[in-house]
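Student: following is a predicted model, sequence given first.
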Amino acid sequence: MKKNAVLILEDGNIFYGKSIGIKGITSGEIVFNTSMTGYQEILTDPSYKNQIITFTAPHIGNVGTNSNDEESKKIHAKGIVIKKISLKPSNYRSKQTLQKYLRKNNKITITNIDTRKLTRIIRNKGSQKGCIISEYKNIYAIKNYQDAILLKKKIKKKTKSKKKLTTYSWSKKSLNLKKKIQIKKNFKYFNKKPINIIVYDFGVKQNILKMLFDRNCNITVVSKNTAYKKIKKYKPQGIFLSNGPGDPRKFKNSIKIIKKILKKKIPIFGICLGHQILALANKAKIKKMKFGHHGANHPVKILKNNKIIITSQNHNYVINEKKLPKNIKITHRSLFDNTIQGIKIKKNFAFSFQGHPEASPGPQDAKFLFDKFINMINKKNII
């Protein structure tokens, strides 16, 4: 097999493999995801922006790809690392192979490398930057990460600036799905009258919006720095803070906005990045983890009743428990490393969860949190 791609890590480790995406060079923070299924949802999760995803599952692409499983309209990750890829998917829902999907999305991808070794390196040394070079004639001449970055700068092309997010109303028509999705109304907190929800979009996943829509919510999605005075006209009954990529400590404007909303006593529910931003708005501290949580098999304890839920996770930052403000109560803990997984704000209608309760991919043990959000809005009880 021709080795026409290379992955070079900051620490000097080099992996030679085969390119299955497009020709080029890319760099980003290396993270590994332990999910056994749901690779398309993972690929299209906006939380992976500026990162290179390593799949620990040894065989990826078995069920192909289709538009219904996308969590956003594109792959946000900088690059993909796979052990083996299936070129002949077996699933009636498949519309194209994963390889064609990666090329269609202009993603640089390396396969046929030892992903177990790569994962052990990240676990032992912590997250680090990496660079993938594919279909470059002199890949064996690249000896270290610094050489790779110099090469990237040399051949880098100018890219168009990204458009700013705007305010828009969301419904399932936004998905353009060929197959209709049934609205579920079989949970005890179902509201007969539509509830007006403002979703602050830090990198929201489509299934989060579906979960709110299924609970009879009128959804208005706004960009991360939308001031409270601009959302007042929508008469929000609840505020949702979405997942997303990056260091939450850098979202200073968003944190200021959430502080103002907290004073209005409007119910707030945050997940992942939104969870961390809610904590920062209440004077908590955030720290970076060694290698983060990325996968769909993470056990979390509900402290109120000691029940265990299996959750989907995707984050590199966590609330620092040292000097935790008195107005924050811990509601959930990870059974992997005892980190904070959920909080509620005392004397306010606000709570948050570190994992992804809508899953996509993964278990749905934590989706009851959406029901509690609706119940809190209806009854204005702190959960």
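Tutor: Cool, got the structure.
Student: which secondary structure elements does the longest strand along the chain contact?
Tutor: For the chain, the strand with the greatest residue count under DSSP state E is strand 285-302. Here strand 285-302 touches strand 24-33, helix 273-281, strand 307-320, strand 328-334, strand 340-345, going by 3 or more CB pairs under 8 Å, 6 or more residues apart in numbering; DSSP states H and E. The way it works is simple: take the backbone N, C-alpha and C, and place the C-beta from them, glycine included.
Student: okay, domains of this protein per the record?
Tutor: For the chain, automatic domain parsing gives the domain ranges 5-155, 168-379.
Student: got JSON lines for those, with mean neighbour count and mean pLDDT too?
Tutor: Listed next are those as JSON lines, based on neighbours: other CB atoms under 10 Å; pLDDT from 0 to 100:
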{"stretch": "domain 5-155", "mean neighbour count": "19", "mean pLDDT": "94"}
{"stretch": "domain 168-379", "mean neighbour count": "19", "mean pLDDT": "91"}
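Student: what values do phi and psi take at the most centrally placed residue in the chain?
Tutor: Residue closest to the mean C-alpha point of the chain, counted by CA atoms, centre = their mean, is residue 47 at 3.3 Å. Torsion angles at residue 47 (phi, psi; degrees, to the nearest 10) stand at phi -70, psi -20.
Student: you'd agree residue 221 is up against residue 167?
Tutor: Yes - shown here, residue 221 and residue 167 form a contact pair, counting by CB atoms under 8 Å, at 7.0 Å.
Student: show me where the stretch 1-150 of the chain has its strands.
Tutor: In the stretch 1-150 of the chain, the strands defined using DSSP state E, counting those that start in this stretch lie at 5-9, 14-19, 24-33, 51-55, 59-60, 79-81, 84-85, 108-111, 129-134.
Student: TSV for these, including distance to residue 235?
Tutor: As requested, these are exported to TSV (distance: least, CB to CB, whole Å):
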stretch	distance to residue 235
strand 5-9	51
strand 14-19	52
strand 24-33	39
strand 51-55	37
strand 59-60	45
strand 79-81	43
strand 84-85	49
strand 108-111	46
strand 129-134	45
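Student: which one of the ones you listed lies nearest to residue 340?
Tutor: strand 24-33 (20.0 Å; CB to CB).
Student: before we move on, the earlier item: output the helices and strands packed on strand 285-302 in JSON lines; the columns should cover distance to residue 90.
Tutor: Listed next are the helices and strands packed on strand 285-302 as JSON lines, based on distance: least, CB to CB, whole Å:
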{"stretch": "strand 24-33", "distance to residue 90": "22"}
{"stretch": "helix 273-281", "distance to residue 90": "36"}
{"stretch": "strand 307-320", "distance to residue 90": "24"}
{"stretch": "strand 328-334", "distance to residue 90": "35"}
{"stretch": "strand 340-345", "distance to residue 90": "36"}
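Student: rewinding a little: identify the residues contacting the residue nearest to the centre of the chain.
Tutor: The contact partners of residue 47, by CB atoms under 8 Å, 6 or more residues apart in numbering, come to 76, 203, 243-245, 272-273, 314-315.
Student: ok, it to residue 322 distance?
Tutor: 25 Å (CB to CB, to the nearest Å).
Student: then residue 113?
Tutor: According to CB to CB, residue 113 stands 38 Å off from residue 322.
Student: and for residue 105?
Tutor: Going from residue 105 to residue 322 by CB to CB gives 41 Å.
Student: then residue 116?
Tutor: The value you get for residue 116 to residue 322, if CB to CB is used, is 34 Å.
Student: before we move on, what about residue 216?
Tutor: Applying CB to CB to residue 216 and residue 322 gives a distance of 41 Å.
Student: now do residue 65
Tutor: For residue 65, the distance to residue 322 - CB to CB - is 44 Å.
Student: swap in residue 293?
Tutor: Applying CB to CB to residue 293 and residue 322 gives a distance of 19 Å.
Student: equivalent analysis for residue 194, please.
Tutor: Taken as CB to CB, the span from residue 194 to residue 322 is 42 Å.
Student: what of residue 26?
Tutor: 36 Å.
Student: residue contacts, the closest residue to residue 43 other than its chain neighbours?
Tutor: Leaving aside its chain neighbours, residue 43 sits nearest to residue 75 (4.8 Å; criterion: CB to CB, 6 or more residues apart in numbering). Contacts here follow CB under 8 Å, 6+ apart; on that basis residue 75 touches 43-44, 102, 105, 107.
Student: okay if I get the residues you listed as TSV plus distance to residue 358?
Tutor: Output for those, formatted as TSV (distance: CB to CB, whole Å):
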residue	distance to residue 358
43	17
44	14
102	24
105	22
107	24
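Student: could you pull out the helices for this structure?
Tutor: 39-43, 98-104, 115-125, 145-155, 206-213, 228-231, 252-263, 273-281, 368-379 (DSSP state H).
Student: export those helices to a markdown table and append columns for distance to residue 349.
Tutor: As requested, the helices of the chain are exported to a markdown table (distance: least, CB to CB, whole Å):
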| stretch | distance to residue 349 |
| --- | --- |
| helix 39-43 | 30 |
| helix 98-104 | 42 |
| helix 115-125 | 39 |
| helix 145-155 | 47 |
| helix 206-213 | 17 |
| helix 228-231 | 15 |
| helix 252-263 | 9 |
| helix 273-281 | 12 |
| helix 368-379 | 6 |
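Student: thank you kindly, that will do.
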